[in-house]
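Participant: Sequence first, then the predicted structure:
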Amino acid sequence: MQGRLSAWLVKNGLIHRSLGFDYQGTETLQIKPEDWHSIAVILYVYGYNYLRSQCAYDVAPGGLLASVYHLTRIEYGVDQPEEVCIKVFAPRRNPRIPSVFWVWKSVDFQERESYDMLGISYDNHPRLKRILMPESWIGWPLRKDYIAPNFYEIQDAH
């Protein structure tokens, strides 16, 4: 089933894939990494002026990584703002997705956390570095194939 935004994107020749609706009725769309930045700018101009949240997850061990954006269209006098969920999937070997920092500045720490925990590189992010783990940390702790270092071996080495 195609939602309102998906229909508008199709009408304007913008490539995407409809993933249906979540349990709250929010339309969910998949955008290819190479199309994400230009579509993000278009969505901002179209009225999605608020990035409510960004997160990322590991789809399956050895599989794709996903970066998820929840966007809201805030308008004066509208009690029920329109929302959309965007999913951008990236290959685990070299997960690169364009940063949308220059579209929605509020994504700054959220993209950094996704980088820190899952290793997704957000191209053109102005400060993409670890935010939760020490800079010396090796690996991506929220990947399903991550093997945590043995704490006791680390202690013995010091």
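Facilitator: Alright, I've got the coordinates.
Participant: Show me the strands in this structure, by range?
Facilitator: 17-21, 27-30, 50-58, 65-73, 82-90, 96-98, 121-123 (DSSP state E).
Participant: of the ones you listed, which approaches P149 most closely?
Facilitator: strand 50-58 (18.6 Å; CB to CB). Just so you know, the C-beta spots here come from the backbone N, C-alpha and C atoms, and that holds for glycine as well.
Participant: tell me the angle that closest one makes with strand 82-90.
Facilitator: Relative orientation of strand 50-58 and strand 82-90, computed by axes from the mean of the first three to the mean of the last three CA atoms, to 10 degrees: 30 degrees.
Participant: If you count neighbours, what's buried in strand 50-58?
Facilitator: By 16 or more other CB atoms under 10 Å, the buried positions in strand 50-58 come out as 51, 54, 56-58.
Participant: Same question for stretch 118-125.
Facilitator: Using 16+ other CB under 10 Å as the test for burial, stretch 118-125 gives 118-122, 125.
Participant: What of stretch 13-32?
Facilitator: Neighbour-count burial for stretch 13-32, with 16+ other CB under 10 Å as criterion, is recorded at 14, 16, 18, 26-29, 31.
Participant: on that earlier part again, mind putting the strands of the chain into TSV with distance to S114?
Facilitator: Formatted as TSV, the strands of the chain follow (distance: least, CB to CB, whole Å):
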stretch	distance to S114
strand 17-21	19
strand 27-30	17
strand 50-58	4
strand 65-73	6
strand 82-90	10
strand 96-98	9
strand 121-123	7
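Participant: which one of the ones you listed lies closest to S106?
Facilitator: Across the strands of the chain, closest to S106 is strand 50-58 (CB to CB), at 5.1 Å.
Participant: Starting from the closest one, tell me which strands it pairs with and how they run.
Facilitator: strand 65-73 (antiparallel) (DSSP bridges).
Participant: that older thread, of the buried residues of strand 50-58, closest to G77?
Facilitator: L51 (21.5 Å).
Participant: Quick check: the closest one touching H70?
Facilitator: Yes: taking contacts as CB atoms under 8 Å, L51 lies within contact range of H70: 7.3 Å.
Participant: does the residue nearest to the spatial centre of the chain have beta-bridge partners, and which?
Facilitator: Nearest to the mean C-alpha position of the chain, by CA atoms, centre = their mean, lies S67 at 2.6 Å. Here S67 sits in beta bridges with A56, V88, as judged by DSSP bridges.
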